[in-house]
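**Student:** Fold the stuff below for me.
(chains A and B)
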2 protein chains.
Amino acid sequence: MTDVSTEIQPSASYSLTIRTETSNRPGTLGLVTTAIGDAGGDIGALDIAGVARGRVERIITVDARDEAHADAIVRRLRTLDGVRVLEVSDRTFSVHQGGKIEVTNRVAVKTRDDLSMVYTPGVGRVCMAIHDEPDRQWDLTVKRRMVAVVSDGSAVLGLGNIGAAASQPVMEGKCMLFKTFGGVDAFPLCLATQDADEIVETVQRIAPVFGGINLEDIAAPKCFEIEERLRQTLDIPVMHDDQHGTALVALAALENALKLVGKRIDAVKIVISGVGAAGVATAHILQRAGARRLVLCDRAGALYAGRAAGMTPLKEQLARETNPEGERGGVGEVLRGADVFIGLSGPGTITAREVAAMAPDPIVFALANPTPEVQPEELVGIARVVATGRSDYPNQINNSLGFPGLFRGALDVEATAINEEMKLAAAAAIAELVAPDELNEEYIVPSMFDPRVAEAVARATREAAWASGVARKERPRTDD
Amino acid sequence: MTDVSTEIQPSASYSLTIRTETSNRPGTLGLVTTAIGDAGGDIGALDIAGVARGRVERIITVDARDEAHADAIVRRLRTLDGVRVLEVSDRTFSVHQGGKIEVTNRVAVKTRDDLSMVYTPGVGRVCMAIHDEPDRQWDLTVKRRMVAVVSDGSAVLGLGNIGAAASQPVMEGKCMLFKTFGGVDAFPLCLATQDADEIVETVQRIAPVFGGINLEDIAAPKCFEIEERLRQTLDIPVMHDDQHGTALVALAALENALKLVGKRIDAVKIVISGVGAAGVATAHILQRAGARRLVLCDRAGALYAGRAAGMTPLKEQLARETNPEGERGGVGEVLRGADVFIGLSGPGTITAREVAAMAPDPIVFALANPTPEVQPEELVGIARVVATGRSDYPNQINNSLGFPGLFRGALDVEATAINEEMKLAAAAAIAELVAPDELNEEYIVPSMFDPRVAEAVARATREAAWASGVARKERPRTDD
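**Tutor:** Residues are numbered from 1 along each chain as shown, chains lettered A, B, ... in the order given. Just a heads-up that it's a prediction; the model follows:
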């Protein structure tokens, strides 16, 4: 067991803005900063807000580990002589005030003439142009730039089934990532239903405005059915990002990790822990990328054909499609001799000792968030490549590398779907952004802030859409 | 009959951008502008885009009457010696390219720290805060600023049932008006169903994200049922603007017109032509404002209790609630001796001669768009006050005076509904913006570009919400 206090570092996600008033005697600021440091807080910024009558007002930004820690820091400050704490605000809550996204006008409405073009009577001609030629909706409305981020709040982050309203901050955040990384406009729709039929119906009915549907944080197994039914009935891309976003970025990372260890995807044995949305989709994309020796594990251990306990129709199908040698046992047992572990389950699933029993040059993707299946610190000198879903370790495997560019590319060509070819192409594009001479154990995927990522993914996605026949919009003649 | 060519003037709604290349010999520009003028075009702007090798490139903005007229202007230019027309674009279509609204981020995402506050892991605490205390959704998400503009495309402007996709430019335009006039964020949802049950269900399911629902361009009579069912089941304001937006602005205008002629609303006889969405809602709000002598007419003439032909359950109810003297006959007949005519029907419904037979100081609101029930030019010297829905006559009765401030006020207090009290207060606020010394036959309502309107309406709406007990958010102590 690792000590929790050494695991969790102060971070911006528990960041405070503290307004203090102190005397301007020399040394008073030192008292404050020392107290914050002694309490384990991490000072981010320190500004003077005003000076008057021998008093100084300061605004101090402090990162803490968690809420209790934040409280402790503030309590410590309150004990100091000559220091008044005027106000404490939680920066994360501050940025959420009034929501994080906005609907703005792309053209100004300042005069009656403006109004007669964007609204009546001019707009009537635009409506009739679409009525006469429905494809013009892609040019004359926001459709070609707009994705719906749809959730029922049934499996939100690691928080579980918290419902529609409570999921909204996540969906707004997702919309921000679409805009920031992909230049895609996205709008959150948190649904007041968790019934699969009703979710499918609702998305079908709101679809006309959108060029794509991003399903988000919908629990397995209903997420599989919902996505599949929507894919079959809508003429725009529908993708459950918890499945495919994670899967394609994991594939990109695996391709590069295998280059490092000099192994081929069709030869390695891969153990996946977790048969939820991400685990199932990752298994599928790895198979399409050539993986043959795949073993999936749930809490009861390896899925194998004929297993009796804890099976569902989906697990029976997965058992038939994977585990060619019919291996049985817990995840630690089937991991013996494996080349790759991919964890999409929960903390503490495997041990360093089990990793040590893998084939030479173990590749371990411990993607459970926020606490990985095994702590990277424990694998030093044991695993060759370690990746997590976290930003505070090397090799962060994060959906944000995938979905913004994938939808950007799909919208660019007005695609009818995001198909397997497009996802594989996106994964390859992500992997290729790490040049051969850059590739090393601590750099197998580009950073999500690497500005090349979304455009590279979008370009690959467009090409794959054209090649696979799902693009409405033809390749421009000048585009080579 | 008025000659159509004298009725329709060139306007920005049929506006062209023409790029020309001419020799820079003196007089060539005169040729161009004369040709446009001779063809009946109205030059808005004229810019030089470049000069090279004795040639001048100009960008000319020209208003035309309609598409045929625009074509004629361009053809005329093409006949001129020394003038080349390089490009013609329709400005209305240009402003629609790629849609008219955008979803933007209210806070920047530039660093991992930003991301850890707006998204994982920080966002998790915000989700749980809402989960533990659902009312916090109003503070911590876009809910308190966001209205859904929902249509099924079944009665779009005067275009009829053109469907969801073709209605989208209107709904995007409506969202722009919300933002421009009310500072309200709005998002268009054009539904792929025209079934009342399905519309109700869909709106119920997408409601969690929104602080209000604006129903738009849904055909009567289903619009009444849809609005009513949603009002009863949702805990946020639901308003079909085609009904109540029009009605409350008409009431505001009527209050001021009656001041001018020195009559009281409870004494005058009012004839309404049209029992669609706007006609029915106008009848209701006028009754709530005190009107007693109200006669409604459809194509078959006055509604009266016991009428046999062309009745529906709704019309039977309206017949019982209005027309206290049981008048019968066509609209022209019941208009005899009436004080007020309100047209919410179609062109040519009444004649100037019928208006001449009204009581002294006739008030005529001919609100059919784009062609009024009777042309204002024909009523000169006959009617005392004339209003239309058009911007090119005095007294434009336009929804935009109402809905932006009404929803702004409702959202400000996190209202559970927009009730009758709020609508009446909004109407009074609009009427009061015309000061007694400003009020005259050609100025009975403020301009929709009058910056005072939305805030005055919002303030009145908030007060009425507090007074009538539908405000979630209490009146601030400092607010008097």
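**Student:** contacts and neighbour counts: CA atoms only from here.
**Tutor:** OK.
**Student:** residues in contact with stretch A:240-250?
**Tutor:** Residues from elsewhere that reach stretch A:240-250, judged by Cα atoms under 8 Å, 6 or more residues apart in numbering or on different chains: A:214-217, A:223, A:227, A:277-283, A:285, A:397-403, A:423-424, A:426-427, A:430.
**Student:** Could you write out the alpha-carbon coordinates of that stretch in PDB?
**Tutor:** Written as PDB, here are the backbone C-alpha positions of stretch A:240-250 (Å, rounded to 0.1, in the frame of the first residue of the first chain):
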ATOM      1  CA  HIS A 240     -20.200   7.100 -27.400                       C
ATOM      2  CA  ASP A 241     -16.900   8.700 -26.500                       C
ATOM      3  CA  ASP A 242     -16.400   6.700 -23.300                       C
ATOM      4  CA  GLN A 243     -16.100   3.700 -25.600                       C
ATOM      5  CA  HIS A 244     -14.400   4.800 -28.700                       C
ATOM      6  CA  GLY A 245     -12.500   7.900 -27.600                       C
ATOM      7  CA  THR A 246     -10.700   5.900 -24.900                       C
ATOM      8  CA  ALA A 247     -10.200   2.900 -27.200                       C
ATOM      9  CA  LEU A 248      -8.600   4.800 -30.100                       C
ATOM     10  CA  VAL A 249      -6.200   6.700 -27.900                       C
ATOM     11  CA  ALA A 250      -5.200   3.500 -26.100                       C
END
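**Student:** Quickly note the distance from the residue of chain A positioned farthest from its centre to chain B.
**Tutor:** Distance from the centre of chain A peaks at A:R53, with 50.2 Å (Cα atoms, centre = their mean). Separation of A:R53 from chain B (Cα to the nearest Cα, to the nearest Å) stands at 29 Å.
**Student:** what's the answer for A:V334, then?
**Tutor:** According to Cα to the nearest Cα, A:V334 and chain B sit 32 Å apart.
**Student:** Same question for A:V295.
**Tutor:** Going from A:V295 to chain B by Cα to the nearest Cα gives 30 Å.
**Student:** tally of neighbours for that residue?
**Tutor:** Close neighbours of A:V295, defined as other Cα atoms under 10 Å in any protein chain shown, add up to 30.
**Student:** The one 10 residues further on now?
**Tutor:** As a burial measure, A:A305 scores 20 neighbours (other Cα under 10 Å).
**Student:** and what of the one 3 residues further on?
**Tutor:** By the criterion of other Cα under 10 Å, A:A308 has 10 neighbours.
**Student:** Next, give phi and psi for it.
**Tutor:** phi -100, psi -40 (degrees, to the nearest 10).
**Student:** Select from the contacts of stretch A:240-250 every entry located in helices.
**Tutor:** Counted as lying in helices by DSSP state H, out of those, are A:223, A:227, A:277-283, A:285, A:403, A:423-424, A:426-427, A:430.
**Student:** Which of these ranks first by neighbour count?
**Tutor:** A:A426 leads the ones in helices among the contacts of stretch A:240-250 on contacts (other Cα under 10 Å) with 33 neighbours.
**Student:** so where's chain A shaky on pLDDT?
**Tutor:** A:1-8, A:478-480 (pLDDT under 70).
**Student:** Beyond the longest strand seen in it, next helix or strand please.
**Tutor:** Counting residues, the longest strand in chain A under DSSP state E turns out to be strand A:11-23. Following strand A:11-23 in sequence order, the next helix or strand is helix A:28-38 (DSSP states H and E).
**Student:** Now do that next one against strand A:11-23, angle only.
**Tutor:** Angle of helix A:28-38 versus strand A:11-23, following axes from the mean of the first three to the mean of the last three Cα atoms, to 10 degrees, is 150 degrees.
**Student:** For the following helix or strand past helix A:28-38, which residues meet the burial criterion?
**Tutor:** On the C-terminal side of helix A:28-38, the nearest following helix or strand under DSSP H and E is strand A:42-52. Neighbour counts over strand A:42-52 (16 or more other Cα atoms under 10 Å in any protein chain shown) mark A:D42, A:I43 as buried.
**Student:** which strands and helices sit next to strand A:42-52?
**Tutor:** helix A:28-38, strand A:55-64 (3 or more Cα pairs under 8 Å, 6 or more residues apart in numbering or on different chains; DSSP states H and E).
**Student:** Now for A:L157, how many residues are close by?
**Tutor:** Using other Cα under 10 Å as the criterion, the residues surrounding A:L157 number 21.
**Student:** Would you mind listing the buried residues in stretch A:288-308?
**Tutor:** Going by neighbour count (16+ other Cα under 10 Å), the buried part of stretch A:288-308 is A:289, A:291-298, A:301-305.
**Student:** Next step: those restricted to strands.
**Tutor:** Here DSSP E is the test, and the buried residues of stretch A:288-308 give A:R293, A:L294, A:V295, A:L296, A:C297, A:D298, A:G301, A:A302 as lying in strands.
**Student:** so what's the second one bridging to?
**Tutor:** The partner list for A:L294 in beta bridges (DSSP bridges) reads A:I270.
**Student:** if I look at it, how far off is chain B?
**Tutor:** 30 Å.
**Student:** How about the stretch 201-350 of chain A: which residue is closest to chain B?
**Tutor:** Closest residue of the stretch 201-350 of chain A to chain B, Cα to the nearest Cα: A:R205 (4.6 Å).
**Student:** my guess is that residue contacts B:D195, does it?
**Tutor:** No - assessed by Cα atoms under 8 Å, A:R205 is found out of contact with B:D195, at 10.9 Å.
**Student:** ok, these two, which is more surrounded?
**Tutor:** Comparing A:R205 with B:D195 by neighbour count (other Cα under 10 Å), the higher total belongs to A:R205, at 21 against 12.
**Student:** Which parts of the helix or strand that that one is a member of count as buried, going by neighbours?
**Tutor:** According to DSSP H and E, A:R205 maps onto helix A:196-206. Under the neighbour-count criterion of 16+ other Cα under 10 Å, helix A:196-206 has A:A196, A:E198, A:I199, A:V200, A:E201, A:T202, A:V203, A:Q204, A:R205, A:I206 buried.
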